[in-house]
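Visitor: Structure here, sequence nowhere to be found:
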C-alpha cells in the first residue's frame, strides 16, 4: 500500500511540474511566433513602400513632355507677312490621387520621402488563448488528475486486480496518443499536443509501476527497458510530427529517468551509456530538425549527471584502478565528446551552427577534464601518465576541432590549455618521480607545441584571430613545469636540458611569427632560473668545470645569437639612427638581457660556492663579456662595454672579498689581468 501511495503522490505532484513545463514551452513558442510575425510585417511594409515609390516613378516617366518652342522668325520677313500658327494647348498632367496617408503639401509629381516602419509587436490573442488553449490544457490536466485519482481509489478499495489496473493504464496512455494524433489531423494543435503529452507521461508511470511496484514477471529489466526506449522514441517522433516541444521534453525526461528507475544495482556501463548515447543522438536529430537547439544542452547536462551518478556508485578501486577497466570509463567520456562533436559538424554542414550545441560539446569536455583530475587523485591511475594524459590530450584535441567548426568558440581553446596545464601541474607536484620524468617531458613538449602552434593555425589557415597571449604563454608554462623536478630532485636526467632548448627554440619561432618578444624574454628568465637551480646543487668540493656552468654559457650564447637575429628579422629599421637601445623596444633589449642576466647567477655562485680556484666562474664571465662586446659592435650600442665592465667588476668583487686567499693569489691575478686586457 505504501508503494501505491508513493506512485499516486508522484503522479499528483508531477502534474504541476508538467503544467509549468507546458507553460514555459508555450511561452517560448509564442515568442518565436511573435518574432516571425514581426519580421514578416516589416518585410511586407518595406515591399509596400518600395512598390509605391516605383508606381510614382512610373507615373512621372509617363507624363508627356512639353512641345519644343517654335523656331525664331527671320528678320528679313515683313511683319505683316508673319503668321503665327496656332498651337495646341499642352495636355494637363494626369491626375494622381493622393494616398490616404499622403501629406497634402506634397505634390503628386514629387517622389514621396522614404518612410520608416517600426516593428509592431503582435498582441497576444487572448480570446484564442482563453477559448482554446487554456481549456485544452485544463482538460489535459483534469484528465491526468482523473487517471491519478482513479488509480488511488482503486488502490485504496482494491476494486480491480493489479493486472487490470496496469492494462487500463496502458490502454489509457495509448488511447491518448491515438486521440492526439487524430486531433492533429483536424487542426486542433493545442488539444492534440496536450493529449499526446499526457499519454507519454501515463505510459512512463504505468511501466514503472509494473516493474517496481507490482513486479510482474513479464516486466523484467530488459523488457521494461526496451518498452521505455519505445515510448521515448515514440515521443520524439510525435514531437517532430506535431511540432510539439513539450512532447520532446517529456520524452527526454522519461528517457533519462529510465536507467535510475530501473536500476538493478549491477554495473553494466556498455548497456547504460549505449542507451544514453542513442538517446542523445535522437535528441540531436530532433533539435536540428525542429531547431530546438537548447534540447542538446539539456541532453548534455543529463548525460553528465548520469556519468557522475555511475562513477559515484560503481567506480571503485577493486574494479577500475588495478585492472584495465579504466579504459571503459575513459572510452565512455571520450565517446560522448565525439558524439556531440559530430553533431556540431553536422549542424555546420546544414548551416545550423548554434551556441547551444557548441556549449553542450564544451560542457562535456569540461566534465571529461574534471573526471581526469579526479582520476589523478588515485595513486594507481596517477602512476599511469601515458594513459591518463593521452586521454586528456584527446579531449583537448576535440575542443580544438570544435573551435574550427564554430568560430564563436575560439576563446575556449586557450582556456582548455590552461585546464590541461592545471592537470599537468597537479600531477607534477604530487606524483612525478625520476622514473616518470621522461614520460612527463614528452607530454610537456606536446602541450607546449600544440597550444603554441594552434592559434597560428587558426589565424593563417582559417582567418580566426585568437587572443594574442594564447600562442605565447604556453612555452613558458611548459618550462615552468620543468622547474619543479629541477628544484625538487637531487639529480635530474640530462635529457631535461635538450627539452629546455627545444622549448626555447619554440618560443623564438612563435615570437617571429607573432612579432612579439614577451614570450622569449619569459623563457629566457625561466631558463636561467633552471640553470641557476643546477648551479646551487654543485657540491662544495668542486673539481674541474661543472656541467651547470657549461649549460649556463651555452644558453647565454644561444639567446644572444637568437636575440640579434630577431632584432634584424623583426625590426630591421631599428638598426639605423642612434642605435637599437635608444629605441626602447623589447626586441632590441633581448640580446642585452641574454648577456647581462647570467652575471647575477655568477655573483650568487661566487658568494655561495667555496671555490679556491675561480676559473669556472671567471671563465664563464669572460665568455659573457665577449658576447656583450659582440652585441655592442653588431647593434652599435655604446653603453654596453661599460655595462660589461660593471658586471665583471661585480663578479670579481663577489669572489675576491669572500674566497680570496693571498697564499694562492697567482690564478686570480692572472684572471684580473685578462679582464683588464679585454
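Guide: Noted; the coordinates are in hand. Keep in mind it's a predicted model, so treat the numbers as computed, not measured.
Visitor: And for residue 437, the neighbour number?
Guide: Residue 437: 18 surrounding residues under other CB atoms under 10 Å. (Glycine included, C-beta is placed from N, CA and C.)
Visitor: Can you mark which positions in the strand or helix carrying it are buried?
Guide: Using DSSP states H and E, residue 437 sits within helix 437-461. Buried residues in helix 437-461, defined by neighbour count with 16 or more other CB atoms under 10 Å: 437, 440-441, 443-456, 458-459.
Visitor: packing partners for it?
Guide: If contacts are counted by 3 or more CB pairs under 8 Å, 6 or more residues apart in numbering; DSSP states H and E, helix 437-461 sits against helix 385-405, helix 412-430, helix 473-488, helix 496-514.
Visitor: Adding mean neighbour count and distance to residue 589, write those helices out as TSV.
Guide: Output for those, formatted as TSV (neighbours: other CB atoms under 10 Å; distance: least, CB to CB, whole Å):
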stretch	mean neighbour count	distance to residue 589
helix 385-405	20	34
helix 412-430	19	27
helix 473-488	21	18
helix 496-514	20	13
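Visitor: Now mean pLDDT and distance to residue 343 too, for the ones you listed, in JSON lines please.
Guide: Formatted as JSON lines, those follow (pLDDT from 0 to 100; distance: least, CB to CB, whole Å):
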{"stretch": "helix 385-405", "mean pLDDT": "91", "distance to residue 343": "10"}
{"stretch": "helix 412-430", "mean pLDDT": "91", "distance to residue 343": "16"}
{"stretch": "helix 473-488", "mean pLDDT": "88", "distance to residue 343": "29"}
{"stretch": "helix 496-514", "mean pLDDT": "83", "distance to residue 343": "33"}
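Visitor: which stretch among those comes nearest residue 259?
Guide: Between residue 259 and the helices and strands packed on helix 437-461, the tightest spacing by CB to CB is seen for helix 385-405, at 24.1 Å.
Visitor: Pick out the residue nearest the middle of this structure.
Guide: residue 412 (3.2 Å; CA atoms, centre = their mean).
Visitor: Compute the distance between it and residue 401, please.
Guide: Using CB to CB, to the nearest Å, we find residue 412 at a distance of 11 Å from residue 401.
Visitor: Now do residue 285 against residue 536, distance only.
Guide: Residue 285 is 63 Å from residue 536, by CB to CB.
Visitor: Oh, that last question was meant for residue 428, not what I typed.
Guide: Residue 428 is 21 Å from residue 536, where distance means CB to CB.
Visitor: circling back: identify the residues contacting the residue nearest to the centre of the chain.
Guide: By CB atoms under 8 Å, 6 or more residues apart in numbering, the residues touching residue 412 are 362, 399, 402, 403.
Visitor: could I get those residues as TSV with distance to residue 171?
Guide: Formatted as TSV, those follow (distance: CB to CB, whole Å):
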residue	distance to residue 171
362	45
399	50
402	47
403	52
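Visitor: so which pair among those residues is furthest apart in space?
Guide: The widest separation within the contacts of residue 412 (CB to CB) is 9.7 Å, between 362 and 403.
Visitor: So for these two, which residues contact both of them?
Guide: With CB under 8 Å, 6+ apart, residue 362 and residue 403 have common neighbours 409, 412.
Visitor: Tell me how this structure divides into domains.
Guide: 1-28+128-238, 538-677 (automatic domain parsing).
Visitor: looking at those domains, which has the lowest confidence?
Guide: Lowest mean pLDDT of those: domain 1-28+128-238, a mean of 68.
Visitor: hang on, isn't residue 535 packed against residue 603?
Guide: No. Assessed by CB atoms under 8 Å, residue 535 is found out of contact with residue 603, at 11.3 Å.
Visitor: who has more neighbours, the two?
Guide: residue 535 (22 against 19).
Visitor: do you know how far that one is from residue 224?
Guide: 71 Å.
Visitor: What is the neighbour count of residue 434?
Guide: If we define neighbours as other CB under 10 Å, then residue 434 has 12 of them.
Visitor: ok, for it, nearest residue in space, not its chain neighbours?
Guide: Nearest-residue entry for residue 434: residue 489, 6.4 Å, with adjacent residues in sequence omitted and distances by CB to CB, 6 or more residues apart in numbering.
Visitor: With residue 346 instead?
Guide: Per CB to CB, 6+ apart, closest to residue 346 is residue 288, 7.0 Å.
Visitor: burial count for the one you found?
Guide: By the measure other CB under 10 Å, the count of residues near residue 288 is 19.
Visitor: on that earlier part again, residue 172: which of the helices and strands packed on helix 437-461 is closest?
Guide: helix 385-405 (44.9 Å).
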